[in-house]
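**Q** Fold the stuff below for me.
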Amino acid sequence: MKPRAVPLLAGSAAGLFTLVCGLPYWQHHLPAALLTCLSCAGFAAAGGLLAGSDDGRRRPGLLLMAGAFCAALAWVVAWNSGIWPLVSFFAQGSAYVLAGSAVLLYPGGRLTGRLERGWVGYAVVTLIGGQVAVALVSRPEWNGLQADIVWPNVATERWIFDRAVQAVIVLQLVLVVWYLVLLFRRARRLSDLERGPVIPLLLATGFFGVGAAVLTTGSEAWTDLDALLTFYVVVNLLAIAVPLAVLSGALRERWREVNAPHRVVRMTSATSSVATVRDALAAALRDPALRLLFWVPAERSYVDRGGRLVADPFAADGRWMAEARIDDRQPLALVELDDGLRQRRTMVDAVLRAGSQALLTAQLQAVATAQLKQVLAAQARVEERETAERHRLEKDLRDGAQQQLAALAVQLDRLDGLPEPARSVAEACRAEVLSTISDLEALARGLHPSVLRTDGLGAALDEVAARLGLAAQLAVDAGRKPPAVEATAYFALCEGLTNVAKYAPTARVRIEITEADGWLHGLVADDGPGGARVIPGGGLAGIDDRIRALHGRTFVESEAGTGTRLRVSLPSG
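**A** Sure thing, here's the model as predicted:
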């Protein structure tokens, strides 16, 4: 049987069954027959629609169908003969238990918590066990029935019957209040994914529960057959809202399942960037927190949308990691989803298949980004090693060659008593040694100036500008940064100052060091002739390479006649 035919057949069967069960009553109450048959048929059709699902909705669907036929069977009381009135009372109680449990099970297919499981047990005791208790302590005529029907009475005291009815009514009122509390708790716990189809059902069920409770307390249905049948009619009229809510929610969900794959294709047809693909999948699956991880074959691991390797991609508490594959062997991506979507596997699979081409394009972008990050990280490590090496060379120069030359200068200074021309030669050697010490000092400062370590970037650049003889205006509005960041910024801006000294030595220079939003910004600007160009292999190109190694940016503005502005920006974290 085709799944689409199940709701129609179930609804038709339930409606016809209701008509047969209540035929003696319907002969004189045609409008009531129409409404009641429609109500039972609606419950069965709604149950059949849900039962055709391949997820957690199947179980509540089966319960709804069973409840519909039990509600129809309750109408056999209209025959008022044989065993049928007794069957009717138990069927009506069973219908309430089955329908109430179906709503609690929807849409996940399982009861959550002791309160819900406890309600089901209490409902069985109250609605079915209560009918047994009332039957045992009553006579058929006290219930408005024929005296010769099958009835298991064991007591004949009317006051016991009246007290039993009152006790069962109180127990049923407790049952309704308990159920309303469960509906409220369920509504609060619903995810965004479930809220759309479930909230109308909870409201309809709550409305029915309150209405049935009011009718139970004010009706003579326990003692009069006509009142009981009228009660059944009104209750079935109130109950129509429940299958309507189920049907409308199920139809909306079905439309969403059909439309979701097409929506992904539409949203990714123009572009397949990582952001676009993520947004398309999130919209189609109605999960704004959806996250994508892409498989990188070379790393045998997953990366996030920023190209960063993910150590444990399946560690997502309360979330479902659905795997998308190119084929049965090659992974493509992991999609982190709301755990409620496990109940919609068919829809999720269809959406991922529809977006597979876009996911493949996005994966290539993510892989390229990951590889670029690896290259930049390698460059950054090289830059850090170079900085450490300059540190070491500076220390070796200061502690080694400079100290040895200083000791030699002292020894030459002690040779003043030598006769000419030896004394002149010694003085000349001493002067040469002092000049060499000065050159080594300048070289050491160029490798990694000590003032950069002690006083920071501003003081180090001010010293460079003074040594180059530039008229510089310095403005610093930034704190200390990691050594690699400060060293990279220092050498980049030193290159800018050197260019000013070389091509515009009389120009006025402005040096600015600022920070904002986790970035360190440096500027060297002059009012010289301008016209500077970035030449491959040149100094400005080398600046850009150093800055990019730390994921930074370089900007050179140098139109002829407007001076030159060198800007560098580095992440300062």
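**Q** can you give me the strands for the stretch 401-550 of the chain?
**A** With DSSP state E, counting those that start in this stretch as the criterion, the stretch 401-550 of the chain has strands at 471-477, 508-516, 519-526.
**Q** any idea which of the ones you listed is most buried?
**A** Most buried of these, by mean neighbour count (mean count of other Cβ atoms under 10 Å): strand 519-526, with a mean of 22. The C-beta positions use only the backbone N, C-alpha and C, and glycine is treated the same way.
**Q** tell me the mean pLDDT over stretch 237-249?
**A** Stretch 237-249 carries an average pLDDT of 85.
**Q** mind listing what's buried in it?
**A** Leu237, Leu238, Ala239, Ile240, Ala241, Val242, Pro243, Leu244, Ala245, Val246, Leu247, Gly249 (16 or more other Cβ atoms under 10 Å).
**Q** So for the fifth one, what's the nearest residue that isn't a sequence neighbour?
**A** For Ala241, the nearest residue in space outside its immediate sequence neighbours is Ala204; the separation is 4.0 Å by Cβ to Cβ, 6 or more residues apart in numbering.
**Q** Next: Val97.
**A** With sequence-adjacent residues excluded and distances taken as Cβ to Cβ, 6+ apart, Val97 is closest to Ala123, at 4.8 Å.
**Q** again with Leu228
**A** Ala221 (4.1 Å).
**Q** Pull the number of nearby residues for the one you found.
**A** Neighbour count for Ala221, taken as other Cβ atoms under 10 Å: 21.
**Q** ok, now Arg480?
**A** Arg480: 12 surrounding residues under other Cβ under 10 Å.
**Q** Confirm for me that it is in contact with Gly458.
**A** No. Applying Cβ atoms under 8 Å as the test, Arg480 and Gly458 come out as separate, 10.4 Å apart.
**Q** A helix includes Leu570, no?
**A** No. According to DSSP: H, G, I helix; E, B strand; the rest coil, Leu570 belongs to no helix; its state is strand.
**Q** so how far is Phe491 from it?
**A** 12 Å (Cβ to Cβ, to the nearest Å).
**Q** any idea how far the closest residue to Ala532 other than its chain neighbours lies from Gly496?
**A** Nearest non-adjacent residue to Ala532, counting by Cβ to Cβ, 6+ apart: Ser558, 3.9 Å away. Ser558 is 11 Å from Gly496, where distance means Cβ to Cβ.
**Q** Equivalent analysis for Arg163, please.
**A** Arg163 is 100 Å from Gly496, by Cβ to Cβ.
**Q** The two: who's more crowded?
**A** Gly496 (27 against 12).
**Q** Let me know the pLDDT of Ser450.
**A** pLDDT, Ser450: 67.
**Q** what about Arg325, how many neighbours?
**A** Counted with other Cβ under 10 Å, Arg325 comes out at 14.
**Q** start the count at 451, not 1, going forward
**A** With the count now opening at 451, the last piece we talked about shows up as Arg775.
**Q** What backbone torsions are found at it?
**A** Dihedral pair for Arg775: phi -130, psi 150, per degrees, to the nearest 10.
**Q** which ones are touching it?
**A** Residues in contact with Arg775, defined by Cβ atoms under 8 Å, 6 or more residues apart in numbering, are Pro781, Leu782.
**Q** what about it, distance to Trp745?
**A** Separation of Arg775 from Trp745 (Cβ to Cβ): 9 Å.
**Q** and for those two, which residues touch both?
**A** With contacts taken as Cβ under 8 Å, 6+ apart, Arg775 and Trp745 have Pro781, Leu782 as neighbours in common.
**Q** and the residue nearest to Ala691, what does it touch?
**A** Contacts for Ala654 (Cβ under 8 Å, 6+ apart) come out as Ala691, Val692, Leu694, Ala695.
**Q** any idea which helix or strand carries it?
**A** Secondary structure assignment for Ala654, by DSSP states H and E: helix 642-668.
**Q** quick one: buried residues of that helix?
**A** Result for helix 642-668 [16+ other Cβ under 10 Å]: buried residues 643-644, 647-648, 650-652, 654-656, 658-659, 661-663, 666.
**Q** centre of the chain versus it, how much separation?
**A** Averaging C-alpha coordinates over helix 642-668 and over its chain gives two centres that are 31 Å apart (Cα atoms, centre = their mean, to the nearest Å).
**Q** which other helices and strands contact the helix or strand following it?
**A** Later in the chain than helix 642-668, the nearest helix or strand by DSSP H and E is helix 675-689. Counting contacts by 3 or more Cβ pairs under 8 Å, 6 or more residues apart in numbering; DSSP states H and E, helix 675-689 packs against helix 480-501, helix 642-668.
**Q** Helix 675-689 and the helix or strand following the first one, what's the angle between them?
**A** Next along the chain after helix 480-501, taking DSSP H and E as the criterion, comes helix 508-523. What separates the directions of helix 508-523 and helix 675-689 is an angle of 150 degrees, with axes from the mean of the first three to the mean of the last three Cα atoms, to 10 degrees.
**Q** how about the CA coordinates for helix 508-523, as CSV?
**A** Output of helix 508-523 as CSV, limited to C-alpha atoms (Å, rounded to 0.1, in the frame of the first residue of the first chain):
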residue,chain,number,x,y,z
ARG,A,508,5.4,6.9,13.5
ARG,A,509,4.5,5.8,17.1
PRO,A,510,2.2,8.7,17.9
GLY,A,511,0.6,8.1,14.5
LEU,A,512,-0.2,4.5,15.4
LEU,A,513,-1.6,5.5,18.8
LEU,A,514,-3.8,8.2,17.2
MET,A,515,-5.3,5.7,14.7
ALA,A,516,-5.9,3.2,17.6
GLY,A,517,-7.5,6.0,19.6
ALA,A,518,-9.8,6.9,16.7
PHE,A,519,-11.2,3.4,16.4
CYS,A,520,-11.6,3.2,20.2
ALA,A,521,-13.6,6.4,20.2
ALA,A,522,-15.7,5.0,17.4
LEU,A,523,-16.2,1.8,19.4
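**Q** Might one say that Trp476 is in contact with Leu469?
**A** Yes. Trp476 lies in contact with Leu469 (Cβ under 8 Å); the separation is 6.5 Å.
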